[in-house]
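**Q** need a 3D model of the sequence below.
(chains A, B and C)
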Amino acid sequence: MARDRTAPPFITFLSDYGHADEFVGVCHGVIARRCPAARVIDLSHAIPRHDVRAGASVLRAALPYVPAGVHLAVVDPSVGAVGAQARRAIALLTAEEDRLLVGPDNGLLTPAAERFGGVAEAVDIGRSRERLEPVSRTFHGRDIFAPVAAALADGALLSDVGDSLPEQDLQRRELSSARVADGALRTHVLRCDGFGNLILDAREEQLVALGARPGDALAVDHAGRVHSARYALTFADVPTGALLIYEDAQRMIALAVNRGSAAELLEAGRDDELVVRPA
Amino acid sequence: MARDRTAPPFITFLSDYGHADEFVGVCHGVIARRCPAARVIDLSHAIPRHDVRAGASVLRAALPYVPAGVHLAVVDPSVGAVGAQARRAIALLTAEEDRLLVGPDNGLLTPAAERFGGVAEAVDIGRSRERLEPVSRTFHGRDIFAPVAAALADGALLSDVGDSLPEQDLQRRELSSARVADGALRTHVLRCDGFGNLILDAREEQLVALGARPGDALAVDHAGRVHSARYALTFADVPTGALLIYEDAQRMIALAVNRGSAAELLEAGRDDELVVRPA
Amino acid sequence: MARDRTAPPFITFLSDYGHADEFVGVCHGVIARRCPAARVIDLSHAIPRHDVRAGASVLRAALPYVPAGVHLAVVDPSVGAVGAQARRAIALLTAEEDRLLVGPDNGLLTPAAERFGGVAEAVDIGRSRERLEPVSRTFHGRDIFAPVAAALADGALLSDVGDSLPEQDLQRRELSSARVADGALRTHVLRCDGFGNLILDAREEQLVALGARPGDALAVDHAGRVHSARYALTFADVPTGALLIYEDAQRMIALAVNRGSAAELLEAGRDDELVVRPA
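**A** Numbers count the residues shown, from 1 in each chain, chains lettered A, B, ... in the order given. Predicted structure coming up:
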């Protein structure tokens, strides 16, 4: 359904393009040509390459802190695939706050949409009239996603930029979740940040459900090796080099080493299961 | 010749400064002081250090995707040299689209200018009244190029910011080109991107001239070692780890490994010659 | 004292957050929500992690080149500490140019303030009404510093965003300085840039005080190993691979290797003392 709305001038941009190339800059250029008034905020371009789930996790966590507007996200391992392996290109409108999400239909966008009441409207933009012709096979960020995002920032309606798509046809991606059972918290590494902190899929109430209180000693089991950690409010609560478990700024539980790297200490990475128990 | 024009408010910025320092940020600051209305788009600051040809190649490929305006580019191995080794600082107006290019006179800008009909007007900005005094010996990006770019974005004419320079005095730099002969395509690595893809100086019609069609097997000879590759439309056309040759988003032929690095597989880098034949 | 002023729309942003995460992007988002008109210039996010002195040095050197406005800086090893180890969060107004500095009270801001006549007014923003509630324990950039910076850019007075703080209560941090004695210049490495150049705390007049003139040979003693260097005006004055000592773009003396890394050649890093003598 088309909506009467004033397009916001902000576009946030998240991708796995990195900064070793001109890919991000060229997308900025494409946006500026289509909607010179748009203001682009680079959320992150350091999503691990092809890691749709990490991108979905960062996007979902970050969006509440940025202005409602157009949210362009590109982590797209299947770009250019045809036939049965092809993925759609989509734009979504959220039920709350009228946020517009643009990107591949591979589960990157839907967890973020859930934060804003779910998907109110969806369109397939693979054949959008906003595309840059001829569309390249490998750079849909430039040729499809960026120009559609710019058109939406410029005030276009979803119905102007794509073909209506039933919400139930969208690809979903479950982000893992932790659970407490038998006196243990079974949790998973969602991602590792640039400081070597391991972001888990647990929440602080699950630590509370374990009976743990800030200051308590905990045992963290990874792949059969058990590490001593402290449930801390802040890095400064433990000595340099010590392992701590804490609630991070996104309200997620994380493992860190004060002035060190938890990823290196535990030799742990994305998707690994960790079991946390009172020590 | 001075032209009556409305200065565009967009400045694109390309350099080899990297992001480990404040150099890029300081140039943004200098631009904002001289022309607060200018909008700066960072095209790339990851050009390999001192690699004028790589910078020229990226600039030439990217400019059609960004708004016409001022295009600031700094890859400047001879900065600060005096006497016979000194290079000029220049600003150019292109014959088509009135694009303004600002940077060192070492061949970085001229290939991009050729894309827009060549150079209509050139000035030497080494003694521009827009310079920040005193001019440092090693940071002309900040002291000469950025303030001149900002002045042009603010509406200054070329004749306001420098001294007229005959076009034939400009330094030229030929970018290499591929050729087909004796049933083989002799091509060169223009640059390696952040994913390990090797960007070649060939175009798809040269593959066609070889008699190759998408899906065909090809042999790629590098330094006497022959690798099997497939002429593919997209990464998804070959198995994980396999070598493919394809037309990339800039319409250049590239070598890639699906979810891997062609640069590592071939142990090839910039300027290396590759010979491609039907397998 | 509250001042009658028109808030500048520019916010410069310096931190040690790096670009591997969405931290910088999220702070941009927070700023855009509070002050959509603000223009943010990323000065650098590559300050070595927790290196307050390096951050102070870069901030002090860069500010004269950026528009007067709000200068947000976050290098904050003690974030989240409580009790005796806690550090204040502050905003400062400089005596000259009405620059507004926002960040932790750990000496990061005061050297920059000294460049603009010192501190005219200071407030503690730890309990600012501009904070994002609930304030996280580890991401004060997002929850305190960015929203306060945005409020100031939007025209708020210091007295609107914090509680008055006597200037003498601010934490100070001395940046080291070089001295000439007994025919030798004793100097220190302030920081190493991305090219491996070693930025020293000396000034060119101190080389002149040594009796050195451009072109002269110098001996550089580091940890008992003596290296031959040339006092040069520019990199091009010495052969590839040779060590030079020169005045850099920030008017600081630096050591470099032409097309190489002085940090690697000397095996020197931050805080190391170097002794320079005529050769």
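
**Q** residue contacts, whichever residue of the stretch 1-150 of chain A sits closest to chain C?
**A** Closest contact between the stretch 1-150 of chain A and chain C, by C-beta to the nearest C-beta, is at A:Val66 (3.0 Å). To be clear about C-beta, it is placed using only N, CA and C from the backbone, and glycine gets the same treatment. Applying C-beta atoms under 8 Å, 6 or more residues apart in numbering or on different chains, we find A:Val66 in contact with A:Phe10, A:Thr12, A:Ile41, A:Leu43, C:Gly25, C:Val26, C:His28, C:Gly29, C:Val30, C:Ala32, C:Arg33.

**Q** what do you get if the cut-off is 7 Å, keeping everything else the same?
**A** Contact partners of A:Val66, counting by C-beta atoms under 7 Å, 6 or more residues apart in numbering or on different chains, are A:Thr12, A:Ile41, C:Gly29, C:Ala32, C:Arg33.

**Q** repeat for A:Ser164
**A** A:Val123.

**Q** then A:Leu108?
**A** Contact analysis of A:Leu108 by C-beta under 7 Å, 6+ apart lists A:Val52, A:Gly55, A:Ala56, A:Leu59, A:Ala73, A:Val75.

**Q** the third one: what secondary structure?
**A** So that's A:Ala56. helix (DSSP: H, G, I helix; E, B strand; the rest coil).

**Q** for the residue nearest to A:Ala150 when sequence neighbours are not counted, grab the count of nearby residues.
**A** Counting by C-beta to C-beta, 6 or more residues apart in numbering or on different chains, A:Arg34 is the residue found nearest to A:Ala150 once chain neighbours are left out, at 3.6 Å. As a burial measure, A:Arg34 scores 21 neighbours (other C-beta atoms under 10 Å in any protein chain shown).

**Q** the helices in chain A, which residues?
**A** Along chain A, the segments classed as helices by DSSP state H run A:23-34, A:52-62, A:110-115, A:140, A:146-153, A:158-161, A:204-209, A:262-266.

**Q** next, the buried residues of the lengthiest strand in chain A.
**A** Criterion DSSP state E: the longest strand present in chain A is strand A:184-192. Using 16 or more other C-beta atoms under 10 Å in any protein chain shown as the test for burial, strand A:184-192 gives A:Leu185, A:Arg186, A:Thr187, A:His188, A:Val189, A:Leu190, A:Arg191, A:Cys192.

**Q** what are the ranges of the strands in the stretch 51-200 of chain A?
**A** All strands of the stretch 51-200 of chain A, identified by DSSP state E, counting those that start in this stretch, fall at A:70-74, A:89-94, A:100-104, A:119-124, A:163-164, A:179-181, A:184-192, A:198-200.

**Q** of all the ones you listed, which lies closest to C:Ala232?
**A** Closest approach to C:Ala232 among these is made by strand A:184-192 (43.7 Å; C-beta to C-beta).

**Q** interface residues of chain A facing chain C?
**A** For chain A, the residues in contact with chain C (C-beta under 7 Å from any C-beta of the partner chain) are A:10, A:12, A:19, A:41-44, A:46, A:58, A:62, A:65-67, A:193-194, A:233-236, A:248-249.

**Q** okay if I get the strands of the stretch 51-200 of chain A as TSV plus mean pLDDT?
**A** Below are those laid out as TSV (pLDDT from 0 to 100):
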stretch	mean pLDDT
strand A:70-74	98
strand A:89-94	98
strand A:100-104	98
strand A:119-124	98
strand A:163-164	97
strand A:179-181	91
strand A:184-192	92
strand A:198-200	93
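
**Q** closest one to C:Arg137 among those?
**A** It's strand A:198-200; of these, that one is closest to C:Arg137 (C-beta to C-beta) at 15.0 Å.

**Q** given that closest one, what are its sheet partners and their directions?
**A** strand A:184-192 (antiparallel), strand A:253-257 (antiparallel) (DSSP bridges).

**Q** quick one: low-confidence parts of the stretch 1-150 of chain A?
**A** Along the stretch 1-150 of chain A, segments meeting pLDDT under 70 span A:1-8.

**Q** interface residues of it facing chain B?
**A** A:18-22, A:25-26, A:28-30, A:32-33, A:36, A:78, A:80-81, A:85, A:136-139, A:142.

**Q** how about 6 Å then?
**A** Applying C-beta under 6 Å from any C-beta of the partner chain, one finds that the stretch 1-150 of chain A approaches chain B through A:18-22, A:25-26, A:28-30, A:32-33, A:80-81, A:85, A:136-139.

**Q** what subset of those is buried?
**A** For the residues of the stretch 1-150 of chain A next to chain B, a burial check counting by 16+ other C-beta under 10 Å picks out A:18-19, A:21-22, A:25-26, A:28-30, A:32-33, A:80-81, A:136-139.

**Q** still on that earlier bit, most tightly packed of the helices of chain A?
**A** helix A:146-153 (a mean of 28; mean count of other C-beta atoms under 10 Å in any protein chain shown).

**Q** and for the residue in the stretch 151-279 of chain A that chain B sits nearest to, the neighbour number?
**A** Nearest residue of the stretch 151-279 of chain A to chain B (C-beta to the nearest C-beta) works out as A:Gly194 at 13.0 Å. Close neighbours of A:Gly194, defined as other C-beta under 10 Å, add up to 14.

**Q** and A:Thr234, what does it touch?
**A** By C-beta atoms under 6 Å, 6 or more residues apart in numbering or on different chains, the contact set of A:Thr234 is C:Gly80, C:Arg137.

**Q** double-check A:Ile41 against C:Val30; I have them as touching.
**A** No - counting by C-beta atoms under 6 Å, A:Ile41 does not reach C:Val30; the two are 10.2 Å apart.

**Q** export the strands of the stretch 51-200 of chain A to CSV and append columns for distance to C:Asn258.
**A** Converted to CSV, the strands of the stretch 51-200 of chain A look like this (distance: least, C-beta to C-beta, whole Å):
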stretch, distance to C:Asn258
strand A:70-74, 40
strand A:89-94, 49
strand A:100-104, 46
strand A:119-124, 56
strand A:163-164, 59
strand A:179-181, 60
strand A:184-192, 38
strand A:198-200, 43
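
**Q** neighbours of A:Ala279, how many?
**A** 14.

**Q** who does the closest residue to it other than its chain neighbours bridge with?
**A** In space, and not counting its chain neighbours, A:Ala279 is closest to A:Ala217: 3.9 Å by C-beta to C-beta, 6+ apart. On the basis of DSSP bridges, A:Ala217 is bridged to A:Arg230.

**Q** gap between A:Ala217 and B:Gly69?
**A** Separation of A:Ala217 from B:Gly69 (C-beta to C-beta, to the nearest Å) stands at 60 Å.

**Q** same deal with A:Asp154?
**A** In terms of C-beta to C-beta, A:Asp154 sits 19 Å off from B:Gly69.

**Q** same deal with A:Ala37?
**A** In terms of C-beta to C-beta, A:Ala37 sits 15 Å off from B:Gly69.

**Q** of the two, which one has the most company?
**A** Each of A:Ala37 and B:Gly69 has its neighbours counted (other C-beta under 10 Å); B:Gly69 has more, 25 against 12.

**Q** now that one: phi and psi?
**A** For B:Gly69, the backbone dihedrals (degrees, to the nearest 10) come out as phi 180, psi -140.

**Q** correct me if wrong: it contacts B:Phe13.
**A** No - using C-beta under 6 Å as the test, B:Gly69 is too far from B:Phe13 to be in contact (10.9 Å).

**Q** and the closest residue to A:Gly118 other than its chain neighbours, how many neighbours?
**A** Spatial nearest neighbour of A:Gly118, chain neighbours left out: A:Ala95 (5.2 Å); criterion: C-beta to C-beta, 6+ apart. Number of residues near A:Ala95 (other C-beta under 10 Å) recorded here: 14.
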